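Predicted model, plus sequence, below.
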Amino acid sequence: MDASAVNKRASGRVRKQPEAYTSSPFSSSSKRKRGETDDVDAEGDREMPDDYESDDEEVEEGDGEPAEEELREQKKKARKAKTTASKKPTQKKTKVNGASLPFRTPTGGARKRGTKKGGAHSVVNAEAVGGLYAEVFGGSEAQDDVVGNWLKRFDADETVALAEIVNFILRCTGCEGEVSEHDIEDPDGMTNKLDDLRDEYQASNPTDYPLIAKGKAAGVFKQSLVGFFRSLVKAMAIKGVLYDNPILMENVQMWISTMSSAPDRSFRHTATLMALTIMTALCGVARENSEDSAKLSRQAETEKKKSRVNQDRVKSIEQNAKEKMRALETIEPLLKDWFDVVLIHRYRDVDPIIRRDCVAALGDWIVTMPDMFFDGQHLRYLGWVLSDTASTTRGEVIKQLHRVYKNKDLLGGLKTFTEKFRPRLVEVATTDAEISVRVSGIELLDQLRDSGLLEPDDVDAVGRMIFDSDARVRKTVAGFFAENVNDLYSSKIDDLGGLQSLEESLPDAGDDNNDTPRLEWLKYKSLAEMLGSYDADDNLPSQIERSKGDGGLALHLGGGDSRFSLAAYALHEKLKEIRDWQALAGYLLFDNSDRGVNGVAEDALVQLKHETVLSEKEEAILLEVLNASAKRALSGLAEQLKAPKTKLTARQRENLEEELEESARHLASLVPKLLKKFGDVPSTAAAVLRVESVLSLPSLRDVPQDSVAYAARLDDVRKHFMSHATDEVLAPASNAILHAKSYGELDDMTEEKVAALWEDVISNLSELLNPATVTVRGALPYEELTALSNNLLRIVRLSSVSDCTPALEDSSVTAASNAGGEDYHGAIDYIIALVQRANPASGPAPDADEAALEDEIAARAAEAALFYLRWKIKAIISAVTTANGGGISMDELELLAARRDNYVTNLQSALAARKPSEEVGLVLASSLLEMYTSAAILRDVKPRPGMSDDYTALVMAFTSELQTLILRVFAASEKAFAKLSGKKLETTQAALDDDAEAVDEDPMSDPESDDDDDDDDEQTQTQTQTQTQTSHRHEAKVLATLLAEQKLCALTGKIIHALFADVLDAVPVRERLERNKSRLGPNFKEMVAYLDLEAARGKKGGKGRSREKGGKGGKGGKGGRGGGKGVNGTGKAKAHPKSNAVVAEEEEVEDEIEDGDGDGDDEEALRPRELVDDAEQDPEPEQREEQTVDGAHADEESVMGD
């Protein structure tokens, strides 16, 4: 072959993927003659794969083209292959830089593997690759046999064998290039050769490589690769090559270490894994040599101590010990070299998977060879990687530290490391963003705690995680917290004279005698103290909770169990005392008021009673624990009975039913006793009412109820409902009433008790009302204002669980108060009139406390009237749709419409008179929106045949004045949140004009800007006090910001509901909502995005929002809107004023209905907001592993640490 031909072929080695799928010689395996291969390698050309097979014995070198006879044979076979596989793509003749390559297409019907862009050979195709790669990944031989055969080839020809293993390494990276014996013999040219191979590999535009291949192939590949190098090192040690012929390990180290610093990820990752595997195997060999040497030395010493010493045997044993020691001395420098060359750089690689592999390997080395790697110089790498950006790497560090701390022999050398990195370990366990890492961190700190390596502050920091919002964290920290409780319990036992002394002094308590003092009371006391000390959120609002990790505040809108109940659920399996809820109830009911000492014999008992006295907060905590324990126990029994897979005998089922019934009966008997003792304090009364709710669990509805005990419980609920005035008690009390209505057999009794409760509430209200001053602000003293406000709250709570219309329409209130000039026909008319107390007083303004109470009365009256209107709408729907419904009379409709109009008039006048930024304005606006939205449901009601639809007169649209008032309140809420959160609103002229009336001063001043005149006083404070005050001011601002955001989003949601109900003018309202959509944070943005969701649904259906199904806007404009307008704002609205009475004549008003004009976003626009389902599936686990962890990979490959 002439030089020009060689140069032409050499310059044409640009690997480009063909457009169509082909099975070209470049993508298949090939085998070429040795002489030709050597010539090409000498010129720097890449050798073709060894397993390329052709039916021809040699390649024509003169003209570079196949013979004519061969071409005819080739076409014939191609036609034959086409008939057998018609779907196979047409075979193309491979060209590089316009030149046809002089290689024949493989003949025969065998299917050849095509080139996958950047892919590597899988295990299935390993045989096609050939060589050592095929033996390792494709053969049936064991790894030890493969290594043994290769070592034989190494003994025969070291250079060829080394070239074989280097080519094996290259194949494992996905590179199809190879090195020759000449490259092995020229170590100075190694770097240049690897650069050429990398350039050639990158020219093929690789997308993956074997270690990150999808599916199970990558796991099998990695396992085989690691197994081969472990077997290789082990066999080299057994055969002595590792010690006698260092050329092998030196060459392997040279090639692998150089590749481990390559910019290409495939080279770097694969080479690093090989290097780490070799080091792990070397550590194993070194450990064996060290153990054998020590064992032989002890054996020699034993032989020397014998009476008749066999000198030859002693000499032989000592010689073997020296050989093992020399072998160890040979391996240790190798380990140090590998560590310095590979791990020091790769532990901070840009690829998190490489960093994770380095950490895992370092942990193996420390455990396997502590004499060499268990020191501060090596442990510090684990400490540094604790701050890694990738959660998988941080998790691997925690995993390896688990192994290290678990070894009791290594604890003495971990004190320095622990002192240095303990704060970071605690930080990971308490605040890490990845839950799995936090869980592992807590488990590690539990080990440190057992070893006495944690400080008290660290123990408390982890113990507070028992209140974490994530159930996995609570479950993990439960054991840690339980040990804290046990430690406190043990200290209390010691303070009281020891366990033996107490056991001798305490009376014998039987299983059923739960009122007798016992040692478990100390455990309950310790539990209450521990939970109370870790909870410091007494002054936070109910919807705000503190993160137990970083201490930040967060909005929590979900109801359900309290944080103490959730903690008790987590501790249920860790503290056996919690599972005995009957003993806990006996402890709570025990009267500890008599603490007198009656003789020396009772000293220990008296001390125990004194030690177990509970504070008010501790009583509330243990009541929550009792709630969780009883709920867990009773629901567990019920689930055993109802579990479909449980195979119970008749006897077992009968026993379980008896146990469940007895437990429920016992709990029912405890509730009145608990209410009697703890009912005076709101916090404990609320906790007892939550305990009572356990009996209302769905799983316990089939348990028979004692009617006498049931009536007594309802009487207790009624008593505390009337005696308490805080929502803390009224909320669980109303829930108890709601649950009581679920018992079918006792429904009549429940209705009787609820009716009696309504009589009490209305009677109290009638005593507080004076028709002459019911609407006058500032006309009542503070005590009467408080009583009126509390009674309205009772009405609101009771209306949420039972029909309030009979009680509020009772004419007895009219008879008692019928002298005020106004037409009051029941309590509801007084309540609607009370809304006017939100209007500013015409005379002297009340003081701040009285003004706040007046606003509270107006707000609660608006909420109570809203419930009344909702119950009336529900009654109307039932009357016109059910078969036994009697319809609704015109007189009743006129009266309801008049009350509704009075309600709207009062709300409108109050909103117009008050600043939109005031709290009462927000409540009134929300009530108004909900009333209009609730009435809009009547449009879609389908009455039964023959029933009039006059009820649609109750459907109204907002007038322009009302809509303006609502948007003023919205603008004020928007501005308040923006000011507190430091966000900027749109400042266009239109925005300034629209919000001109809402630019009142924010009622919530910036906490950080207060007290500007107190500079002189602040100068005298210490730095600690200043920092504390700054922290409190910052937290107060964060709290105010969270509450402002909640109010804004809640109001926005009600406005959007009103838009969906078609009672607001869509065009201006939608524009106003979207004005600052992207300026007020993600929560507000997602609220406004629901407008796009509705638009997309309308667009998908091909129609805009229509009013055809909703009736005619109330027939003749009876309070309805003549023209429908969708949320998109299409169509022109015809707003009708609200009607003061039902008009007998009906006037048809035609709706203007237009299809959507495409203003709404489609699904593509909604997908970034995650408002539509995406059909795209999640990536494979292996693919996810390769994606960026806690960050993105760099656009171009780079290496950290080089």
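Happy to help now that I have it. Numbers count the residues shown, from 1 in each chain.

for this structure, which helix is longest?
The longest helix of the chain (DSSP state H) is helix 265-304.

What strand or helix carries the nearest residue to Ser917 once chain neighbours are set aside?
For Ser917, ignoring the flanking residues on the chain, the nearest one in space by Cβ to Cβ, 6 or more residues apart in numbering is Ala972 at 4.0 Å. All C-beta spots, glycine's among them, are computed from the backbone N, C-alpha and C. Counting by DSSP states H and E, the secondary-structure element that holds Ala972 is helix 960-981.

what mean pLDDT does that helix have?
In this model, helix 960-981 carries a mean pLDDT of 93.

so what secondary structure elements neighbour that helix?
Under the contact criterion of 3 or more Cβ pairs under 8 Å, 6 or more residues apart in numbering; DSSP states H and E, helix 960-981 touches helix 890-913, helix 919-935, helix 1023-1060, helix 1066-1074.

Quick one: closest of these to Leu792.
Evaluated over the helices and strands packed on helix 960-981, closeness to Leu792 peaks at helix 919-935, with 12.4 Å, by Cβ to Cβ.

what's the model's confidence in the closest one, averaged?
Computed over helix 919-935, the average pLDDT equals 93.

And that helix, what's buried?
Of the residues in helix 919-935, those scored as buried under the neighbour-count criterion (16 or more other Cβ atoms under 10 Å) are 920-935.

same deal with stretch 616-623?
Neighbour-count burial for stretch 616-623, with 16+ other Cβ under 10 Å as criterion, is recorded at Lys617, Glu618, Glu619, Ala620, Ile621, Leu622, Leu623.

Surely the fifth one touches Glu529?
No: because the distance of 9.1 Å does not satisfy Cβ atoms under 8 Å, Ile621 is recorded as not touching Glu529.

first to last residue in stretch 674-691, what's the distance?
Taking Cα to Cα, to the nearest Å, the span from the opening residue of stretch 674-691 to its closing residue is 9 Å.

Please list the outside residues in contact with that stretch.
Outside of stretch 674-691, the residues within contact range by Cβ atoms under 8 Å, 6 or more residues apart in numbering are 562, 565, 585, 588-589, 616-617, 619-620, 623-624, 626-627, 630, 667, 670-671, 716-717, 719-720, 723-724, 726, 728-729, 731-733, 735-736.

Now do the contacts for the nearest residue to Ala327 once chain neighbours are set aside.
Using Cβ to Cβ, 6+ apart and skipping the chain neighbours, the partner closest in space to Ala327 is Asn289 (4.7 Å). Asn289 makes contacts with Lys324, Met325, Ala327, Leu328, Ile331, as judged by Cβ under 8 Å, 6+ apart.

about what we covered before: distance from the helix holding Ala972 to the middle of the chain?
In terms of Cα atoms, centre = their mean, to the nearest Å, the centre of helix 960-981 is set 33 Å apart from its chain centre.

again with stretch 1033-1050
In terms of Cα atoms, centre = their mean, the gap separating the centre of stretch 1033-1050 from the centre of its chain is 22 Å.

what's the helix or strand where Val462 lies in contact with?
According to DSSP H and E, Val462 maps onto helix 456-463. By Cβ under 8 Å, 6+ apart, the list of residues contacting helix 456-463 from outside reads 422, 426, 429-430, 442, 445, 449, 454, 477, 480-481, 484, 530, 533-534.

can you do 10 Å?
Helix 456-463 is contacted from outside by 422-423, 425-427, 429-431, 441-442, 445-446, 448-449, 454-455, 476-477, 480-485, 487, 530-531, 533-534, 548-549, using Cβ atoms under 10 Å, 6 or more residues apart in numbering.

so of these, which ones are in helices?
Counting by DSSP H, the members of those that fall within helices are 422-423, 425-427, 429-431, 441-442, 445-446, 448-449, 476-477, 480-485, 487, 530-531, 533-534.

secondary structure element for the residue lying farthest from the centre of the chain?
The outermost residue of the chain relative to its centre, with distances by Cα atoms, centre = their mean, is Arg308 at 73.7 Å. If you go by DSSP H and E, Arg308 is not part of any helix or strand.

and the gap between it and Asp244?
Between Arg308 and Asp244 the distance is 37 Å, computed by Cβ to Cβ, to the nearest Å.

Also Arg939?
From Arg939 across to Asp244, the span is 95 Å (Cβ to Cβ).

So if I had to pick from the two, which one is more boxed in?
For Arg939 against Asp244, the residue with the higher neighbour count under other Cβ atoms under 10 Å is Arg939, and the figures read 21 against 10.

The more buried one touches Ala1061, doesn't it?
Yes: Arg939 lies in contact with Ala1061 (Cβ atoms under 10 Å); the separation is 8.4 Å.

residues bridging contact with Ile621 and Glu529, i.e. touching both?
Contacts common to Ile621 and Glu529, judged by Cβ under 10 Å, 6+ apart, are Leu614, Ser615.

quick one: secondary structure of Arg944?
Remark: Arg944 carries the secondary structure label coil [criterion: DSSP: H, G, I helix; E, B strand; the rest coil].

contacting residues for it?
Residues in contact with Arg944, defined by Cβ under 10 Å, 6+ apart, are Val880, Thr881, Thr882, Ala883, Gly885, Gly887.

Next step: the residues you listed restricted to helices.
Among the contacts of Arg944, the members falling in helices (DSSP H) are Val880, Thr881.

and the least confident of the contacts of Arg944?
Gly885 (71).

ok, and the closest non-adjacent residue to that residue?
Across the structure, with Cβ to Cβ, 6+ apart as the measure, the residue nearest Gly885 apart from its sequence neighbours is Ala879 (4.1 Å).

For the one you found, grab the count of nearby residues.
Close neighbours of Ala879, defined as other Cβ under 10 Å, add up to 18.

all helices for the stretch 501-650 of the chain, in order.
Taking DSSP state H, counting those that start in this stretch as the criterion, the stretch 501-650 of the chain carries its helices at 520-534, 563-571, 576-579, 581-589, 603-611, 616-642, 650-678.

quick one: which of those is nearest Asp188?
Between Asp188 and the helices of the stretch 501-650 of the chain, the shortest gap by Cβ to Cβ is with helix 563-571, which sits at 64.6 Å.

quick one: the helix holding Val462 to chain centroid distance?
Relative to its parent chain, helix 456-463 has a centroid offset of 24 Å by Cα atoms, centre = their mean.

got the buried residues for it?
The neighbour-count check on helix 456-463 (16+ other Cβ under 10 Å) flags Asp458, Val459, Ala461, Val462, Gly463 as buried.

Grab the nearest non-local neighbour of Ala779.
Nearest residue to Ala779 in three dimensions, chain neighbours excluded: Thr773, at 3.8 Å (Cβ to Cβ, 6+ apart).

For that neighbour, pull up the helix or strand it's in.
Remark: Thr773 resides in no helix or strand, with elements defined by DSSP H and E.
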